[in-house]
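J.: Got a sequence here, can you build the structure:
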Amino acid sequence: MGGGTTTGWRPVRFLRACRRAPGYFVALARWVISRLVIMAPEHRRACFALASVILGTAVRVAAGPCMEVTWVARHEVRGLWVVRTSMRTRSSVERVVALASSSNFNALFVQVNGRGEAYYTSAVLPKAPDVEDGFDPLAFCIERAHAAGLQVHAWINAFTVGKLGCREYQPGHVLSRHPEWALTDDKGVSTLDYSQEMAEGELVSPMLDPAIEGVKAYVHDVFMEVVRNYDVDGVHFDYIRYPSPRFGYGAEAKAAFRDLAGPDRAALGQGEWDAFRRDQVTEVVRRVYQDVKRVKPWVAVSCAVLPDAADAAERTFQDWKTWLDQDIVDFVVPMAYAPDEEIFVRRVRDAVGAASGWGRVVAGIGAYNMLDDPAGCIERVEAARSMKTAGVVLFSYDAISDRPEYWQALADGPFRTRVPAPVLARNGSNGKNDGRNGQSRGRAGAVASEEAGLEARRGE
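T.: I've put the predicted structure just below:
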């Protein structure tokens, strides 16, 4: 496939609109016939023309704003996940941008909220204590990255907050203000009280309960503050899931579940309980997506997800296939981190097969699993291209930052030519549909002119 990727517009909602069109057509036809029988011959042709315009408009209205292009098809995502520890200082951010740009990457997924602390200026979260005074890492990163032709996607951990074994946090921290929002296990133990030993690999930190309405509002506000206040190209969900089926048994969650059945509570069983928890995660994604598109429709919404769609939905209630089907995310990044190439290929192929439409899957590659083997990483980039993904994201910048041979191998190999990242385009347009369109094309054009433990590691 080379340096590009085949993506395209989403047909699903357009087809739904077409199914509605016969109703509009029948009503219109009746009106036309009633007019024709009383019209003079010279007026009949004009009536037919008008009817055609009205019918076309009816179909467009039925389709609504969903007749849209996902990613402009010419280029692929070449992304890097950048852990928050590389966002602390001006010099560390400058180094991120310099290395990414010189190796022909085109998108940075920068972690700006990992434990409920902000690497930006926030009225919702306390500032991360390791950020140097007077420094706004996200604003600085956007400034530098955009100047270099790189996109910036704000990577935000949805439900992971705090640190295992810790109960004392900054006054403004969500666990200081609302310790009752912490996720509870099936024995009634809050994840706020979990130690490293108790976590047994399921948890990387205390987590919030998505079934609590206050948690939904909190996560929504975190995302929307970033979207409103920063010139990000995208927002990126991480840990948008439960850790396993044995979590989510808090009093508020159980009460909300019981309320679903009303007086017929006996009708609710384990299947309904699992579906309820699945719906809580989906609702968080839906609310964020809808408001992002309302405020800045050109901002992409993506999620880092477990690669097996069915397993993710059943085991962690992360129903990302439904999110794609319902158009409440723009693309997903399955974390196909296996060092074995055969397993990687199977995971990515299955993810692409589960995704509706085209260009909805960007392959997540675990570079940290191949630190001494840049050739293995390159093989996975090429494999992802052959499976028609919309690009790749490497985990992580931090793992390979001090390995110049890695950067050189990528720049000399799969990324030997520079390409701009895809941009979100709606309603058949060719870029952002507002006043920023020219700015986006300018950055892309400047670049193009030069041409003519899987999740545990993430939570550290």
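
J.: Show me the contact partners of stretch 177-193.
T.: Contacts of stretch 177-193 from elsewhere in the structure, counted by CB atoms under 8 Å, 6 or more residues apart in numbering, are 159, 162, 167, 174-175, 198, 203, 206-209, 212, 214-215, 218, 242-243, 246-253. Placement of C-beta: from N, CA and C, glycine included.

J.: any low-confidence regions in the stretch 351-460 of the chain?
T.: The stretch 351-460 of the chain contains residues with pLDDT under 70 at 425-460.

J.: quick one: the strands in it?
T.: Taking DSSP state E, counting those that start in this stretch as the test, the strands found in the stretch 351-460 of the chain are 363-365, 391-395, 424-425.

J.: Return the most buried member of those.
T.: Mean neighbour count, computed with mean count of other CB atoms under 10 Å, is highest for strand 363-365 among those, reaching a mean of 30.

J.: other SSEs contacting that strand?
T.: In terms of contacts (3 or more CB pairs under 8 Å, 6 or more residues apart in numbering; DSSP states H and E), strand 363-365 is packed against strand 331-336, helix 341-354, helix 374-386, strand 391-395.

J.: can you rerun that using 10 Å?
T.: Contact partners of strand 363-365 among helices and strands, from 3 or more CB pairs under 10 Å, 6 or more residues apart in numbering; DSSP states H and E: strand 77-82, strand 331-336, helix 341-354, helix 374-386, strand 391-395.

J.: about what we covered before: next step: the contacts of stretch 177-193 restricted to helices.
T.: Val174, Leu175, Met198, Gly214, Val215, Tyr218, Ala251, Glu252, Ala253 (DSSP state H).

J.: Please report which of those has the highest neighbour count.
T.: Ranked by neighbour count under the definition other CB atoms under 10 Å, the ones in helices among the contacts of stretch 177-193 are headed by Val174 with 26 neighbours.

J.: Chain neighbours aside, what residue packs nearest to that one?
T.: Gly116 (5.0 Å; CB to CB, 6 or more residues apart in numbering).

J.: What of Asp221?
T.: Closest residue in space to Asp221, ignoring its immediate chain neighbours: Val124 at 5.2 Å, by CB to CB, 6+ apart.

J.: do Val232 as well
T.: Spatial nearest neighbour of Val232, excluding adjacent residues (CB to CB, 6+ apart): Ala154 at 4.9 Å.

J.: Based on its surroundings, how many neighbours for Val82?
T.: Neighbour number of Val82 under other CB under 10 Å is 27.

J.: brain fart, Ala375
T.: Using other CB under 10 Å, Ala375 is surrounded by 10 other residues.

J.: so where is this structure shaky, pLDDT-wise?
T.: For the chain, the ranges with pLDDT under 70 are 1-74, 263-268, 425-460.

J.: and the helices and strands packed on strand 363-365 as CSV, adding distance to Asp233?
T.: Shown next, in CSV, are the helices and strands packed on strand 363-365 (distance: least, CB to CB, whole Å):
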stretch, distance to Asp233
strand 77-82, 11
strand 331-336, 12
helix 341-354, 22
helix 374-386, 21
strand 391-395, 14
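
J.: got the contact list for Arg95?
T.: Ser86, Thr89, Tyr397, Ser401 (CB atoms under 10 Å, 6 or more residues apart in numbering).

J.: And those residues, which two are furthest apart?
T.: Longest distance between any two of the contacts of Arg95 is 14.9 Å, between Thr89 and Tyr397; criterion CB to CB.

J.: And the two? Which one has more around it.
T.: Between Thr89 and Tyr397, counted using other CB under 10 Å, Tyr397 has the larger neighbour count: 22 against 15.

J.: In three-state terms, label the most centrally placed residue in the chain for me.
T.: Closest residue to the average C-alpha location of the chain: Ser302 at 1.0 Å, with CA atoms, centre = their mean. Following DSSP: H, G, I helix; E, B strand; the rest coil, we place Ser302 in the strand state.

J.: Show me what it is bridged to.
T.: Counting by DSSP bridges, Ser302 forms beta bridges with His236, Phe331.

J.: State the distance from it to Arg416.
T.: Applying CB to CB, to the nearest Å, the value for Ser302 to Arg416 is 26 Å.

J.: got it, and Gly359?
T.: 23 Å.

J.: do the same with Val381
T.: As judged by CB to CB, Val381 and Arg416 stand 12 Å apart.

J.: Quick check: neighbours shared by the two?
T.: Shared contacts of Val381 and Arg416, defined by CB under 10 Å, 6+ apart, comprise Leu410.

J.: Tell me which of the two has more neighbours.
T.: Val381 (21 against 11).

J.: I'd like the distance between the closest residue to that one other than its chain neighbours and Ser190.
T.: Nearest residue to Val381 in three dimensions, chain neighbours excluded: Pro414, at 4.4 Å (CB to CB, 6+ apart). From Pro414 over to Ser190 the distance is 46 Å, taken as CB to CB.

J.: go on, Tyr249?
T.: Using CB to CB, one obtains 10 Å as the distance from Tyr249 to Ser190.

J.: what do these two both touch?
T.: Common contacts of Tyr249 and Ser190 (CB under 10 Å, 6+ apart): Leu183, Thr184, Asp209.

J.: Dump those residues to TSV, plus neighbour count and distance to Gly79.
T.: Formatted as TSV, these follow (neighbours: other CB atoms under 10 Å; distance: CB to CB, whole Å):
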residue	neighbour count	distance to Gly79
Leu183	28	29
Thr184	22	35
Asp209	25	30
